[in-house]
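In: I need the structure of the sequence given here:
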Amino acid sequence: METLNKKSENVEAMFNSIASNYDFLNHFLSLGIDKIWRNKLVKHLVRNNPHCVLDIATGTGDLAIQLAKKHKNTSIVGVDISANMLTIGRKKISKGNLQNRIQLVQANSMSLPFANNEFDAAMVAFGVRNFEDLTRGIAEIYRVLKPGASFHVLEFSMPSKFPMANLYRFYFRRLLPFLGGVISGNKGAYTYLPESVFSFPEKEKFIATMTGEGFKECTYKRLTFGVATIYVGYKRL
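Out: The predicted model follows:
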């Protein structure tokens, strides 16, 4: 079993190596549906009119940029372990003239460099399954949120009904590693992706992790035949 520090190092190295192709592959391999999923998360998050939002595992900043464009009164701090991903993200933010609204910081989600009760909301898109320690990562997010603040997670999940479940497994186990490996030059990264999805404690199990770390009113909503799921919870007052 991987040690926590070893997993963190491997994840950092993996995302550094695929950073230049990451955005293209995300949109290509999901047929562009990932943009729709992020938009659904953003629409739910802005209902509470947050002013300062933390975007964990921000990658190249797609979710942060989408939120900044959708909600003009929000400032966003994005954190990620990969320096190469953040470099690309900063270029995208500058190109969109959003550098006064989005700040990117290199940091490990296991030890966030922020004070207690600092953010109005937190969000993660396709990142919690990469945490070294899921419980510890959720606890850190809880710590930096203000009382009553919302926590939103978008993550891949496993469809349960035929034929989507069978098609999804075939795509994730066979086609995705091949296509991702050919385009990125790193087959290992796109073999890790399905493995991490299959091992992630989704639905009620992830809700239990959230509630176990203090979040209340936790819910989840399945998207696109169960291929992805949005989770929402709130820090206790």
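
In: For the rest of this, base every contact and every neighbour count on C-alpha atoms.
Out: Fine.

In: Quick one: residues contacting the most centrally placed residue in the chain.
Out: When C-alpha atoms, centre = their mean is applied to the chain, the residue found nearest the centroid is A125 (2.3 Å). Applying C-alpha atoms under 8 Å, 6 or more residues apart in numbering to A125 gives the contacts R38, I56, A57, T58, L63, V153, L154, E155.

In: Relative to V153, how far out is it?
Out: Distance check for A125 against V153: by C-alpha to C-alpha, to the nearest Å, it reads 6 Å.

In: and what of R173?
Out: According to C-alpha to C-alpha, R173 and V153 sit 24 Å apart.

In: okay, these two: which has more neighbours?
Out: V153 (20 against 16; other C-alpha atoms under 10 Å).

In: Three-state assignment for that one, please.
Out: Under DSSP: H, G, I helix; E, B strand; the rest coil, the three-state class of V153 is strand.

In: got the residue ranges for the helices in this protein?
Out: 4-29, 33-45, 62-70, 83-95, 134-144, 164-170, 176-184, 187-199, 204-212 (DSSP state H).

In: Can you lay out the ones you listed as JSON lines showing distance to N116, mean pLDDT and mean neighbour count?
Out: Shown next, in JSON lines, are those (distance: least, C-alpha to C-alpha, whole Å; pLDDT from 0 to 100; neighbours: other C-alpha atoms under 10 Å):
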{"stretch": "helix 4-29", "distance to N116": "23", "mean pLDDT": "78", "mean neighbour count": "16"}
{"stretch": "helix 33-45", "distance to N116": "20", "mean pLDDT": "95", "mean neighbour count": "17"}
{"stretch": "helix 62-70", "distance to N116": "21", "mean pLDDT": "96", "mean neighbour count": "20"}
{"stretch": "helix 83-95", "distance to N116": "24", "mean pLDDT": "97", "mean neighbour count": "18"}
{"stretch": "helix 134-144", "distance to N116": "4", "mean pLDDT": "98", "mean neighbour count": "20"}
{"stretch": "helix 164-170", "distance to N116": "40", "mean pLDDT": "84", "mean neighbour count": "15"}
{"stretch": "helix 176-184", "distance to N116": "39", "mean pLDDT": "79", "mean neighbour count": "18"}
{"stretch": "helix 187-199", "distance to N116": "30", "mean pLDDT": "81", "mean neighbour count": "16"}
{"stretch": "helix 204-212", "distance to N116": "18", "mean pLDDT": "98", "mean neighbour count": "16"}
